[in-house]
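Trainee: With the sequence up front, the predicted model follows.
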Amino acid sequence: MASLEDIAVSAFINILSAIGFLLAFAVLRVQPINSRVYYPKLYINGLRSSPRGSMNGVLRFVNFNIWSYIVSFLGWMPEALKMSQTEIIQHAGLDSAIYLRIYILGFWVHLCMAYIFTLWTSYMLYMEYDNVAFMRLHFLASQHRRVEQFTVVVRNVPQISGHSIAETVDHFFQKNHPDHYLSHQAVYNANRFAKLVRQKERLQNWLDYNQIKFERNPDKRPTSKIGFLGLCGRRVDSIEYYKQRIKVLDNRIASEHQKIIKDPKAILPVAFVTFGSRWGAAVCAQTQQSKNPTLWLTEWAPEPRDVYWKNLSIPFVSLSIRRLIISISVFSLVFFYMIPITFVQSLANLEGLEKVAPFLRPVIEFTLI
């Protein structure tokens, strides 16, 4: 679908072309050398004689009267519009008059059909959007209420001196959405905490595996080497080893949890804001919240399972730069991909392959019979 920029460029080119043709017509029609081209009927009826007969030198071919160019540019239009059908026949002939009638008829038919088609399309779109809105409302009403239907994720919350992110978010939405704002949840930079939790989960899986292995064979306790990839190093009891490592990780996880809660810098400029109605959440998610378009960025909150929490700590500027780099990379890939495609296409037939690789000519021209 064409964008507004594409339409504007196309309109600009068409307008420039029309002005260029009008200028060319205005210049060519006043030249003495083109007199018989633009006024043939006047010559046939004896109403006009060649201006070249009374001129000498270059004046027989080129008109140097500046005022005639100014009058000729648009001055012929009012006179042409005032001409009756009889005058058109006398001036341009019957064929021209018939052509103009067909042209005018086609213009009005096109105009009427364009209006009819536009009205019909608008009506069909209105009915379709009405049906889609009804289906969406019916679907939402038939579903169980979920928290993400009332929640908006807010990014790039500004840091106000003397106030925490949580206080800033609460004050902002109580002031701007007092009738629908319900609560909010600040987001903490817990990437290190999450990394420790994942390590504990992996160790817990190994502990469960060795415990099950021991239950199946109680006569032999499982052992493993604690060196590189379990291939070298001292051999230890697997169950006791993983229990000890999990205990150490539990202490580190508890310490990291307390550190995150007590450190105000751990709070990210991101928050999940919950509203009392879907309408309030929709208004917040689909409108600009600040005069500065880079602050208080809102969008619908995804399901908790769809949130990649690690990315929430990436700054807005960094995200914008990454999007720009990805766009440039995709454009470069698509653009420069045509070079190898063109080269491979040239090898799609034997003649092209023979031109590119002349040393393969004996193989290409080899015949079995």
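Mentor: Great, that's in hand.
Trainee: Give me the below-cutoff pLDDT ranges for this structure.
Mentor: 1-3, 6, 41, 44-60, 72-76, 229-230, 343-357, 359-369 (pLDDT under 70).
Trainee: Pop the domain breakdown of it in here.
Mentor: 148-187+265-302, 191-262 (automatic domain parsing).
Trainee: what's the span of the shortest one, first residue to last?
Mentor: So that's domain 191-262. Using C-alpha to C-alpha, to the nearest Å, one end of domain 191-262 lies 16 Å from the other.
Trainee: swap in stretch 289-307?
Mentor: Terminal residues of stretch 289-307 are spaced 23 Å apart (C-alpha to C-alpha).
Trainee: State which helix of this protein is the longest.
Mentor: helix 94-142 (DSSP state H).
Trainee: which strands and helices sit next to whatever helix or strand comes next after that helix?
Mentor: Once the chain leaves helix 94-142, the next helix or strand it forms, by DSSP states H and E, is strand 151-155. Secondary-structure packing of strand 151-155 (3 or more C-beta pairs under 8 Å, 6 or more residues apart in numbering; DSSP states H and E): strand 267-275, helix 278-285, strand 297-300. In this view, the C-beta of every residue, glycine as well, is placed from N, C-alpha and C.
Trainee: now for the longest one, which elements pack on it?
Mentor: Contact partners of strand 267-275 among helices and strands, from 3+ C-beta pairs under 8 Å, 6+ apart: strand 151-155, helix 165-176, strand 181-188, helix 278-285.
Trainee: hmm, 10 Å instead?
Mentor: With contacts defined as 3 or more C-beta pairs under 10 Å, 6 or more residues apart in numbering; DSSP states H and E, strand 267-275 has these neighbours: strand 151-155, helix 165-176, strand 181-188, helix 278-285, strand 297-300.
Trainee: residues of the second one that come out buried?
Mentor: What that stands for is helix 165-176. For helix 165-176, the neighbour count (16 or more other C-beta atoms under 10 Å) marks Ile165, Thr168, Val169, Asp170, Phe172, Phe173 as buried.
Trainee: What of the third one?
Mentor: By neighbour count, and taking 16+ other C-beta under 10 Å as the criterion, the buried residues in strand 181-188 are Tyr181, His184, Ala186, Val187, Tyr188.
Trainee: Tell me the one among those residues nearest to Pro269.
Mentor: Using C-beta to C-beta, Val187 is the member of the buried residues of strand 181-188 that lies nearest Pro269, at 8.6 Å.
Trainee: Hmm, Leu268 and the closest one touching each other?
Mentor: Yes - between Val187 and Leu268 there is a contact at 4.7 Å, judged by C-beta atoms under 10 Å.
Trainee: quick one: common contacting residues for those two?
Mentor: Counting by C-beta atoms under 10 Å, 6 or more residues apart in numbering, the residues touching both Val187 and Leu268 are Arg155, Val157, Ile165, Trp309, Leu312, Ser313.
Trainee: The first one bridge partners, please.
Mentor: When bridges are called by DSSP bridges, Arg155 pairs up with Leu297.
Trainee: Could you report the distance from it to Asp263?
Mentor: Between Arg155 and Asp263 the distance is 21 Å, computed by C-beta to C-beta, to the nearest Å.
Trainee: now swap in the second one and tell me
Mentor: Separation of Val157 from Asp263 (C-beta to C-beta) stands at 17 Å.
Trainee: So if I had to pick from the two, which one is more boxed in?
Mentor: Val157 (21 against 11; other C-beta atoms under 10 Å).
Trainee: Skip the chain neighbours and tell me the closest residue to that one.
Mentor: Pro269 (4.2 Å; C-beta to C-beta, 6 or more residues apart in numbering).
Trainee: Pull the number of nearby residues for the one you found.
Mentor: The burial count for Pro269: 22, using other C-beta under 10 Å.
Trainee: ok, now Asn292?
Mentor: 10.
Trainee: And for Ala18?
Mentor: Using other C-beta under 10 Å, Ala18 is surrounded by 10 other residues.
Trainee: That one - that's part of a strand, no?
Mentor: No - going by DSSP: H, G, I helix; E, B strand; the rest coil, the assignment for Ala18 is helix, not a strand.
Trainee: do you know how far it is from Val27?
Mentor: According to C-beta to C-beta, Ala18 and Val27 sit 15 Å apart.
Trainee: do Thr223 as well
Mentor: Separation of Thr223 from Val27 (C-beta to C-beta) stands at 100 Å.
Trainee: Tyr242 too?
Mentor: For Tyr242, the distance to Val27 - C-beta to C-beta - is 93 Å.
Trainee: Same drill for the two, tell me which one is more crowded.
Mentor: Between Tyr242 and Val27, Tyr242 has the larger neighbour count (other C-beta under 10 Å), namely 23 against 14.
Trainee: Within the helices and strands, which one has the more buried one?
Mentor: Following DSSP H and E, one finds Tyr242 within helix 238-262.
Trainee: Show residues contacting that helix.
Mentor: Residues from elsewhere that reach helix 238-262 (C-beta under 10 Å, 6+ apart): 188-190, 192-197, 199-211, 213-214, 221-226, 230, 235-237, 266-267.
Trainee: count of residues packed around Val152?
Mentor: Val152 has 25 neighbours, counted by other C-beta under 10 Å.
Trainee: can you state the direction angle for the helix or strand hosting Ser332 and strand 151-155?
Mentor: Per DSSP H and E, Ser332 falls inside helix 316-336. Angle of helix 316-336 versus strand 151-155, following axes from the mean of the first three to the mean of the last three C-alpha atoms, to 10 degrees, is 90 degrees.
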